[in-house]
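Trainee: could you work out the structure for the sequence below:
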Amino acid sequence: MRILVIGLALSMIVAASFASADQQDPRLDPLFAELSAAESEAAAATIEAEIWSIWQEVDDPASARLLRQGGEAMASRVFQVAIVSFNRLIARSPDFAEGWNRRATLHFLMGNDAASVRDIEATLRLEPRHFGALSGLGLIMMRNDRPDAALRSFEAALEVHPYLPGARSHLEALRQLVEGEPT
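Mentor: Residues are numbered from 1 along each chain as shown. Modelled structure (predicted):
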């Protein structure tokens, strides 16, 4: 009986470790330090790619499959398949930030801004440095004619990733609109 209980406890611990929260990976802190100190767009792009790669790592094969299926469906614009995949991924791995971020992106593409914002908030609770989610929030705020909120989102994204593609130009245009500063 004691062996059975220990076996059950171990299996629960192993199951809990699946779909590990990628944003907890110890490789990220040094990468974010390098990113904030990057001296060129090219250097930042290399570091960004490493961060994205880590964010997408998941130990659970079923979660990895759902992430891949959802991503492929979203890229093919088969949104109903993508939403089912991402919903299942989040239900299976609620502490996996990239699952929330992918569904936020899907909601954005579908024009479901309120749902996208909710998923971005979940992403940022799990990974406050998620420059993709911060930038996405800025785009939603722009689309909803909320330039002050968009400005804050892009500023936060650029604090984390000073060379984030598109963010600087959005920020400059928003500053001119909100603050009357020249670009």
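
Trainee: next one, pLDDT for residue 169 please.
Mentor: On the pLDDT scale, residue 169 is placed at 89.

Trainee: show me what whichever helix or strand it is part of is in contact with.
Mentor: Assigned by DSSP states H and E, residue 169 belongs to helix 167-179. With contact meaning CB atoms under 8 Å, 6 or more residues apart in numbering, helix 167-179 is reached by 131, 135, 138-139, 142, 147-148, 150-151, 154-155, 157-158, 161, 181-183. Yep, even glycine has a C-beta here, placed from its N, CA and C like the rest.

Trainee: now do the contacts for the residue minimising distance to the centre of the chain.
Mentor: The centre of the chain sits closest to residue 101, judged by CA atoms, centre = their mean, with a distance of 3.9 Å. Applying CB under 8 Å, 6+ apart to residue 101 gives the contacts 55, 119-120, 123, 130, 132-133, 136.

Trainee: can you classify it as helix, strand or coil?
Mentor: State at residue 101, reduced to three classes by DSSP: H, G, I helix; E, B strand; the rest coil: helix.

Trainee: re earlier: mark which of the contacts of helix 167-179 are buried, thanks.
Mentor: Buried residues within the contacts of helix 167-179, counting neighbours by 16 or more other CB atoms under 10 Å: 131, 135, 138-139, 142, 147, 150-151, 154, 157-158, 161.

Trainee: ok, those vs residue 115, which is closest?
Mentor: Nearest to residue 115 out of these is residue 139 (CB to CB; 14.5 Å).

Trainee: find me the pLDDT at the nearest residue in space to the closest one that is not next to it in sequence, would you?
Mentor: Nearest residue to residue 139, sequence neighbours excluded (CB to CB, 6 or more residues apart in numbering): residue 108, at 7.1 Å. The model reports residue 108 with a pLDDT of 98.

Trainee: repeat that for residue 172.
Mentor: 88.

Trainee: the strand or helix carrying residue 35 packs against which elements?
Mentor: Per DSSP H and E: residue 35 is located in helix 28-37. Contacts defined by 3 or more CB pairs under 8 Å, 6 or more residues apart in numbering; DSSP states H and E place helix 28-37 against helix 41-55, helix 147-160.

Trainee: quick one: contacts for residue 110?
Mentor: Residue 110 neighbours (CB under 8 Å, 6+ apart): 79, 83.

Trainee: hmm, try it at 7 Å
Mentor: By CB atoms under 7 Å, 6 or more residues apart in numbering, the contact set of residue 110 is residue 79.

Trainee: state the phi and psi torsions of residue 165.
Mentor: phi -60, psi 130 (degrees, to the nearest 10).

Trainee: okay, now it: neighbour count?
Mentor: Residue 165: 12 surrounding residues under other CB atoms under 10 Å.

Trainee: contacting residues around stretch 144-155?
Mentor: For stretch 144-155, the surrounding residues in contact (CB under 7 Å, 6+ apart) are 113, 134-135, 137-138, 141-142, 167, 170-171, 174-175, 177-178.
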